[in-house]
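Student: The following comprises the amino acid sequence and a computationally predicted model.
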Amino acid sequence: MLTPDTPGKPILRAVPGTGGFPPEIDLAGLRADLKRAVAQTCPRWLSDRSEDIIQVALMRVMEIYRKREGNVELSSFYLRKAAYSAVVDEIRRLRRRQEVPLENESSEIVYEPAAESPDPERAAVARETGRAIQDCLGRLVRPRKLAVTLNLQGHSVPEIGKLLSWSTKKAENLVYRGLSDLRGCLDSKGVGR
Amino acid sequence: MRMDDDQLATLRDAFAAQPNTAPQPEICPPPEKIWDAVRGELPPDQLRETVEHTALCASCAEDWRLARTFQAQETAARTVTPTNVVPFAPRQRLRNFALAIAAALALVVVGVQWLQRPQTDPGYREGGEQAGIRSLLPEGEALPRDRFVLRWAAPEIPGAEYDVQVSTEDLQVVATAENLRGAEYQVPESALAGLPASTRLLWKVEADLPGGGRLSSPTFVTPLR
């Protein structure tokens, strides 16, 4: 059994000698958050399997609880991190075991995100552009590559500055120049217009 | 030429749409490392290495976005204010005010009990959140945009440096400040220029402790006059 810690602090104390998932944990909330995150982020072949992925992940979180019995404190933050790690491990395992690997020109194993979009042509263009972006990112000087990568991942300029310990001005400058380089590179490949 | 929002959105979609290569355990960072990187909790060189890897590894880039989405849900869950606020009728306002008073009294009682509790061995703890930092601004009081000064107290951590992040309710970052020595921060008027009056701004303080630890405040809400 777990008991809540200080009010306002989402920290729980594990009491030794008990098993099972602690009732104080908002398991349904954690499951719902994970499912939503997977649905928003992952390709459809993965999000279609999100129930299985999350079930496996939550079982691993339970295992962590069991192993930590003995007056240890676990925060909800720690649980979320553990759940995330378990989900990613499971996704990586599935990716490695994907049933229908395809071979691209460079013999690199890639996975066809089947029926990814209701508009297959548009999805194909996006994938082609994605490959080109990756190639172009590899050609950028490192600070611009870091700035643009984070920006493409959805981070705002102030967030990029904070993450990389840059001033907002510097981050803005690097994002701007990096995106300009990226645009030039894509144009040279005839992509994305 | 500056890229417009549509172009950037297209590039972001395309970046996310690139086919995933099979993850390579010997190269790909473990998920815990990606999680910490997204939170900005890795040493700078490791954080940069991780970002650089995601530039060229579609699978890890996706893992990064998953961590970001999952963490954003946590942030949103902690922010008690809904995004779409439906105006309350006067009677509802009165009832809500009474509930707020009751909640505040309950917090005082709980706080006193917490202060009086016996000290125990802290044991294992991860995250280290919500310790000690509190807002000094009267709750709900709007601040003028030319003097939007955020103040807080962290009496038990002298010598700490503070990072502040200010955002809107839809989590758009308005301003950030780093390595502040004093326990206050004035949001530049220019950063508030595009926001309408009555905008509720969320702000959060993180303290770098002299001993190397880090503390986070809860998210505070201060309206813009």
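Tutor: All right, it came through fine.
Student: Could you find the closest non-adjacent residue to the residue of chain B found nearest chain A?
Tutor: Relative to chain A, the nearest point of chain B is B:Gln18 (2.9 Å; C-beta to the nearest C-beta). Bear in mind the C-beta positions are built from the backbone N, C-alpha and C, glycine included. Nearest in space to B:Gln18, with sequence neighbours left out and distances taken as C-beta to C-beta, 6 or more residues apart in numbering or on different chains, is A:Gly130 at 2.9 Å.
Student: what does B:Thr199 give?
Tutor: Excluding its sequence neighbours, the residue lying closest to B:Thr199 (C-beta to C-beta, 6+ apart) is B:Leu224, at 4.5 Å.
Student: Next SSE downstream of the helix or strand hosting the residue nearest to B:Gln18?
Tutor: Using DSSP states H and E, A:Gly130 sits within helix A:120-137. Moving toward the C-terminus from helix A:120-137, the next helix or strand (DSSP H and E) is helix A:142-152.
Student: hang on, B:Ala207 in a strand?
Tutor: Yes - counting by DSSP: H, G, I helix; E, B strand; the rest coil, B:Ala207 is found in a strand.
Student: tell me, how many neighbours does it end up with?
Tutor: B:Ala207 has 23 neighbouring residues, counting by other C-beta atoms under 10 Å in any protein chain shown.
Student: show me what contacts it?
Tutor: Neighbouring residues of B:Ala207 by C-beta atoms under 8 Å, 6 or more residues apart in numbering or on different chains: B:133, B:154, B:157, B:160-163, B:214-217.
Student: Can you name the residues bridging to it?
Tutor: Beta-bridge pairing of B:Ala207 under DSSP bridges involves B:Tyr162, B:Leu215.
Student: From A:Arg80, how far out is it?
Tutor: Distance, B:Ala207 to A:Arg80, using C-beta to C-beta, to the nearest Å: 22 Å.
Student: so where's chain A shaky on pLDDT?
Tutor: Along chain A, segments meeting pLDDT under 70 span A:1-26, A:65-66, A:68-75, A:98-118, A:192-193.
Student: Apply 80 and report the result again.
Tutor: Applying pLDDT under 80 to chain A flags the ranges A:1-30, A:41-49, A:57-58, A:60-79, A:96-123, A:192-193.
Student: In it, what residue spans correspond to strands?
Tutor: Remark: strands assigned in chain A by DSSP state E are A:2-4, A:11-14, A:73-75, A:101-103, A:109-111.
Student: I'd like the next helix or strand past the helix or strand bottoming out on mean pLDDT in chain B.
Tutor: For chain B, counting by mean pLDDT, DSSP states H and E, helix B:90-116 ranks last in confidence among helices and strands (a mean of 64). Next helix or strand after helix B:90-116 toward the C-terminus (DSSP H and E): strand B:134-135.
Student: any idea which helix or strand comes after that next one?
Tutor: Heading C-terminal from strand B:134-135, the first helix or strand you meet, by DSSP H and E, is strand B:149-153.
Student: What residues of that next one count as buried?
Tutor: Using 16 or more other C-beta atoms under 10 Å in any protein chain shown as the test for burial, strand B:149-153 gives B:150, B:152.
Student: packing partners for that strand?
Tutor: strand B:134-135, strand B:161-167, strand B:184-186, strand B:200-208, strand B:220-223 (3 or more C-beta pairs under 8 Å, 6 or more residues apart in numbering or on different chains; DSSP states H and E).
Student: So in that sheet, which strands flank the first one, and in what orientation?
Tutor: This points to strand B:134-135. Strand B:134-135 has the following sheet partners, assigned by DSSP bridges: strand B:149-153 (antiparallel).
Student: relative to strand B:200-208, how tilted is the strand it pairs with?
Tutor: With axes from the mean of the first three to the mean of the last three C-alpha atoms, to 10 degrees as the basis, strand B:149-153 and strand B:200-208 are set at 50 degrees to each other.
Student: Give the rounded mean pLDDT of strand B:149-153.
Tutor: Averaged over strand B:149-153, pLDDT sits at 90.
Student: Contacts for stretch B:180-195, please.
Tutor: With C-beta under 8 Å, 6+ apart as the test, stretch B:180-195 has contacts from B:136, B:145-154, B:161-164, B:166, B:168, B:174-175, B:177, B:201, B:224.
Student: Alpha carbons only: can I get the helix holding A:Gly130 in PDB?
Tutor: The C-alpha coordinates for helix A:120-137 follow below in PDB (Å, rounded to 0.1, in the frame of the first residue of the first chain):
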ATOM      1  CA  PRO A 120      -1.700   9.000 -49.600                       C
ATOM      2  CA  GLU A 121      -0.200  11.300 -52.200                       C
ATOM      3  CA  ARG A 122       0.200  14.100 -49.700                       C
ATOM      4  CA  ALA A 123       1.600  11.700 -47.200                       C
ATOM      5  CA  ALA A 124       4.200  10.500 -49.700                       C
ATOM      6  CA  VAL A 125       5.200  14.100 -50.400                       C
ATOM      7  CA  ALA A 126       5.500  14.700 -46.700                       C
ATOM      8  CA  ARG A 127       7.700  11.700 -46.200                       C
ATOM      9  CA  GLU A 128       9.900  12.700 -49.100                       C
ATOM     10  CA  THR A 129      10.200  16.200 -47.700                       C
ATOM     11  CA  GLY A 130      11.000  14.600 -44.300                       C
ATOM     12  CA  ARG A 131      13.900  12.700 -45.700                       C
ATOM     13  CA  ALA A 132      15.200  15.800 -47.400                       C
ATOM     14  CA  ILE A 133      14.900  17.800 -44.200                       C
ATOM     15  CA  GLN A 134      16.900  15.100 -42.400                       C
ATOM     16  CA  ASP A 135      19.600  15.200 -45.100                       C
ATOM     17  CA  CYS A 136      19.700  19.000 -45.000                       C
ATOM     18  CA  LEU A 137      19.900  19.100 -41.200                       C
END
